[in-house]
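Visitor: model the following, please.
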Amino acid sequence: MVDFNSWLNAQGNFRCVLVELDYRDAGVLKTAYFSNAAFVSTATDSPAHTSYDPFVTGTVQFERSLNEVFTGRSVSKSSDIELILQPETLQLVNKAVYGRSVRIYLGDKAWPKADFMQIIAGICDGITPEQTKIRIKFRDAADVFQTSLLAARYTGGAAVDQLKPLCLGRCFNIKPLLIDAATHTYQFNTVQSAAVTAVRFNGAAVPEADYTVDLDDSTITFTVYPIGDVTIDVDGAVVSGLWLQTAADFIGYIASLRGIAVDISALPGYLLGMYITTEQTAEQVLDEICSSVGAYWLFDRTGQFQVRAFNGVPALSAVQLTADQTVFGTTKIRRVINPLYAITLAFKRNWTQLSSIAGVVHETDPELAAELAAAAKTATLTQPSVLENYPQASSINVTSLIVTAAAASAEISRRLALSAIPRFVYELKQFAAPFQWLPGVCAQLDKPGINGDRAVITKLIDAATDGTCNVEYWQ
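Guide: Predicted coordinates for the structure are as follows:
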């Protein structure tokens, strides 16, 4: 077994790039094999005794970056793969390549293929012939989440052609969909639900004798004529006997709908609530969940879906940014992030703001009336000492799916602690070791920055054939 890290760190090594592109030919799934140097796999490789045609030209570049507030999706960008125009490459233009897997490996051409490291797992975005080359466009594996999370629609009844809703966690004041006007039946979830805890007409409580709930079908049927806005409080989806409550629960369920396994680190276990009735993409839903708990998600170089919590610079470093691997004169501060004085966080979202609220609610429960009229509750925390030390400190308002006041306060406190001092984003150019890294890992710095000798990697721009990588880090 070769020492891949030592090989990457050795300057002057030729970087052999292997490209595997899946396609369909007359309904049969096949793979095209290319490289930037003549290469044949060994008998023990997978695939065995396979020739990789030396038609790859130019550089192969792949960018991965985190949002600097460390929530939501890790953005990936890639350059195209350029192939020499040959009969073998031209024939791909007429093959079914769109949406097929693209795998790119890096190593030494003298190695068996088993010793190469996969650096990119992508999806083909089309092939374009040009005067002297064929251009393969590819995109990040995360594009699997760019379609609408909801797909099923009602085929008849009062809700014909509308999307079937999805209710996750604990949701306050959602509006169920009328599916049968004759029987006054409404539906509030696509799957089994845990409980319906309150039912209202224009905000006023409806007696339990006036309705029945079927939690298996997630429907509610009234024996009286519904008046005004019909809203309910729901404990949502139950899957395999378990009520989905937390960010990890939600993300695992969404990933399962796409047939994807997910590696989730220890996310905060706050109770969340989310009611989806529109064509939101799965990506947008994942972003909203992650941003509520201070987490981010990405696909690693092998195509593994990962979700990580961000809690500042970890105590232990996973990688090293060494001076001898840094291109001279490339280290600089790219951005300064001012500290925060105050955070206002919206929680316990009201999924149906009511403009017409029954008078009895104002008379008997004015606090509930206020909740029904507002978009959400809010909590605000400040750190006055920060404003004393840093007059440029700012205040922000953020939204969340968090349900309880205690969890909202805990999340604000966590974010304020991370923002009590100015933060700095540095950039530099390293030789090829960072090809093995992921955004979000902790790096030990040979040369300490303003906030110490450890940092979090926020961006990597890999140039596979050049043997260099642009790196940004936060501390």
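Visitor: wait, A420 sits on V386?
Guide: Yes. Assessed by Cβ atoms under 8 Å, A420 is found in contact with V386 at 5.5 Å. To be clear about C-beta, it is placed using only N, CA and C from the backbone, and glycine gets the same treatment.
Visitor: overlap of the contact sets of these two?
Guide: 339-340 (Cβ atoms under 8 Å, 6 or more residues apart in numbering).
Visitor: who's more crowded, these two?
Guide: Legend: neighbour count by other Cβ atoms under 10 Å for A420 and V386, higher for V386 (20 against 16).
Visitor: where's that one relative to L85, distance?
Guide: 60 Å (Cβ to Cβ, to the nearest Å).
Visitor: which residues touch stretch 190-199?
Guide: 150, 152, 164-167, 188, 205-206, 208, 211, 213, 215-216, 218, 220, 230-239, 243.
Visitor: in it, what counts as buried?
Guide: Buried residues in stretch 190-199, counted by 16 or more other Cβ atoms under 10 Å: 190-194, 196, 199.
Visitor: closest one of those to F250?
Guide: V191 (12.8 Å; Cβ to Cβ).
Visitor: hmm, which of the contacts of stretch 190-199 are the buried ones?
Guide: Buried among these (16+ other Cβ under 10 Å): 150, 164-167, 188, 206, 211, 213, 215, 218, 220, 230-238, 243.
Visitor: now the strands for the stretch 101-250 of the chain?
Guide: According to DSSP state E, counting those that start in this stretch, the stretch 101-250 of the chain carries its strands in the segments 101-107, 117-129, 133-140, 166-174, 177-180, 185-187, 193-201, 204-205, 211-214, 219-222, 230-239, 242-243.
Visitor: thinking again about what came up before, for the buried residues of stretch 190-199, give me CSV that also has distance to A358 and pLDDT.
Guide: Below are the buried residues of stretch 190-199 laid out as CSV (distance: Cβ to Cβ, whole Å; pLDDT from 0 to 100):
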residue, distance to A358, pLDDT
T190, 30, 95
V191, 31, 96
Q192, 31, 98
S193, 25, 98
A194, 27, 98
V196, 19, 98
V199, 13, 98
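Visitor: including distance to A406, could those go into JSON lines?
Guide: Shown next, in JSON lines, are these (distance: Cβ to Cβ, whole Å):
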{"residue": "T190", "distance to A406": "30"}
{"residue": "V191", "distance to A406": "28"}
{"residue": "Q192", "distance to A406": "28"}
{"residue": "S193", "distance to A406": "24"}
{"residue": "A194", "distance to A406": "21"}
{"residue": "V196", "distance to A406": "24"}
{"residue": "V199", "distance to A406": "26"}
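Visitor: just checking, P268 touches G294?
Guide: Yes. P268 lies in contact with G294 (Cβ under 8 Å); the separation is 7.0 Å.
Visitor: between the two, which contacts overlap?
Guide: What both P268 and G294 touch, as defined by Cβ under 8 Å, 6+ apart, is the set 309, 411, 414.
Visitor: and of the residues you listed, the nearest to A455?
Guide: Top of the list for closeness to A455, among those and by Cβ to Cβ, is A309 at 17.5 Å.
Visitor: show me what contacts that closest one?
Guide: With Cβ under 8 Å, 6+ apart, A309 has these contacts: 265-268, 293-295.
Visitor: check D161 too.
Guide: 153-154.
Visitor: per-residue confidence for it?
Guide: If you check D161, the pLDDT there is 95.
Visitor: same thing with the one 3 residues further on?
Guide: Reported pLDDT at K164 in the predicted model: 97.
Visitor: verify the stated contact: it with Y154.
Guide: Yes. Look at K164 against Y154 with Cβ under 8 Å: they come within range, at 6.5 Å.
Visitor: gap between the nearest residue to F138 once chain neighbours are set aside and M274?
Guide: Nearest residue to F138 in three dimensions, chain neighbours excluded: G122, at 4.0 Å (Cβ to Cβ, 6 or more residues apart in numbering). G122 sits 30 Å away from M274 when distances are taken as Cβ to Cβ.
Visitor: more crowded one of those two?
Guide: Set G122 next to M274 and count neighbours by other Cβ under 10 Å: G122 wins out with 26 against 23.
Visitor: looks like that one contacts D140 (just checking).
Guide: Yes. Assessed by Cβ under 8 Å, G122 is found in contact with D140 at 6.3 Å.
Visitor: name the SS class of the residue of the chain most remote from its centre, please.
Guide: Ranking residues of the chain by C-alpha distance from their mean position (Cα atoms, centre = their mean) puts E363 at the top, at 44.6 Å. Here E363 is helix, with the state taken from DSSP: H, G, I helix; E, B strand; the rest coil.
Visitor: what about P47, which SS state?
Guide: Per three-state DSSP, P47 ends up coil.
Visitor: residue contacts, it?
Guide: 31, 33, 41.
Visitor: in a markdown table: the residues you listed, plus secondary structure and neighbour count.
Guide: Output for the contacts of P47, formatted as a markdown table (DSSP: H, G, I helix; E, B strand; the rest coil; neighbours: other Cβ atoms under 10 Å):
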| residue | secondary structure | neighbour count |
| --- | --- | --- |
| T31 | strand | 13 |
| Y33 | strand | 18 |
| S41 | coil | 19 |
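Visitor: nearest to A406 among these?
Guide: T31 (53.1 Å).
Visitor: wait, that closest one sits on L21?
Guide: Yes. At 6.7 Å, T31 and L21 qualify as touching, with contact defined as Cβ under 8 Å.
Visitor: tell me, what's touching these two both at once?
Guide: Contacts common to T31 and L21, judged by Cβ under 8 Å, 6+ apart, are absent.
Visitor: quick one, domains of this protein?
Guide: Per automatic domain parsing, the structural domains of the chain span 4-145, 319-337+422-474.
Visitor: of all these, which one comes closest to V313?
Guide: Going by Cβ to Cβ, the one of the domains of the chain nearest V313 is domain 319-337+422-474, 5.0 Å.
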